[in-house]
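**Q** here is a sequence together with a model predicted from it:
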Amino acid sequence: MKYPAGTVFELDALQGVSGWDPDERVRERLSFSDKRNYNLPDTGRGVPTTLPASATTPCPPEVFQNTDITTGPCRVTAVGAGALLREQDVSLVSQNGRNAQGLQIALPAAAPRPDRYELWDVLRDVRSDAQYITSAQSSLDLDFSALVPGFYRLDVYASKGIEFSIRFIKSFPLLVTISQHGRYTVQTTLY
């Protein structure tokens, strides 16, 4: 995983245990309290992984008071499901004066025109509105400035089926580092 220290994620409840022995007799004698895991939908390279609970710290709720959480940057983690589109065809763009709030996808000349889009919240496995997309002749422009932080997948379809898929993370706007004494410092998230 390649995330800076202090990166904030919204995660589901603890999901599993690492080092789980298949023999129930052995499990009865072991403590797995320090081996609990969260499912992290994206490593930063578009694939899921597990995140040990011991490597996490709960974020104090007051950190984001009076902060617009939609102002965090986007980060593209994978481009796939179609040989026509390459990673260099997808660029982060500014929206409303904020860096990395949207994507611009240069459409290959040989690609059919997209006619349907689905935006998925990967953590919750829920389809979101695709109201963020405007289409031009040679590109798709996506404005995610109103999107809340999370792990997302954009599926783009043409008449014959899915053309390509892009996985990205909309980050929280702040990195939060907590000291041993319970104090915390914040920095702006940059990508």
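**A** Yes, it's here. Residues are numbered from 1 along each chain as shown.
**Q** can you map out the strands along the protein?
**A** 16-17, 36-40, 49-52, 74-80, 90-95, 98-106, 116-121, 126-128, 133-135, 139-143, 150-158, 161-170, 174-178, 184-188 (DSSP state E).
**Q** break the protein into its domains for me.
**A** Per automatic domain parsing, the structural domains of the chain span 16-63+175-188, 68-170.
**Q** my guess is I178 contacts Y184. True?
**A** Yes: applying CB atoms under 8 Å, one finds I178 in contact with Y184, separated by 4.6 Å. In short, each C-beta sits where N, CA and C put it, glycine included.
**Q** need the residues touching each of these two.
**A** Counting by CB atoms under 8 Å, 6 or more residues apart in numbering, the contacts common to I178 and Y184 are P60.
**Q** same list (the domains of the chain) but as CSV, adding distance to T7.
**A** Formatted as CSV, the domains of the chain follow (distance: least, CB to CB, whole Å):
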stretch, distance to T7
domain 16-63+175-188, 6
domain 68-170, 9
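**Q** any idea which of those gets closest to E10?
**A** domain 68-170 (6.5 Å; CB to CB).
**Q** average pLDDT for that closest one, rounded please.
**A** Across domain 68-170, the average pLDDT comes to 85.
**Q** cool, stretch 7-27 as well?
**A** Here the average pLDDT along stretch 7-27 is 68.
**Q** between the strands of the chain, which gets nearest to F64?
**A** strand 174-178 (7.1 Å).
**Q** for G97, give its distance to G161.
**A** 37 Å (CB to CB, to the nearest Å).
**Q** looking at the domains of the chain, which is buried most?
**A** domain 68-170 (a mean of 16; mean count of other CB atoms under 10 Å).
**Q** show the contacting residues for Y3.
**A** G44.
**Q** on the pLDDT front, check it for me.
**A** 81.
**Q** so how far is W120 from it?
**A** 21 Å.
**Q** isn't F64 up against V186?
**A** No: counting by CB under 8 Å, F64 sits too far from V186 to count as a contact (9.3 Å).
**Q** between the two, which contacts overlap?
**A** Common neighbours of F64 and V186 (CB under 8 Å, 6+ apart) are L174.
**Q** how about Q187, what does it touch?
**A** So Q187 contacts G6, L174, L175, T177 (CB under 8 Å, 6+ apart).
**Q** just checking, Y38 touches D12?
**A** Yes: counting by CB under 8 Å, Y38 does reach D12; the two are 6.9 Å apart.
**Q** count of residues packed around T7?
**A** Neighbour count for T7, taken as other CB atoms under 10 Å: 16.
**Q** give me the nearest residue to it, chain neighbours excluded.
**A** L175 (6.1 Å; CB to CB, 6 or more residues apart in numbering).
**Q** and the one you found, bridged to which residues?
**A** Q187 (DSSP bridges).
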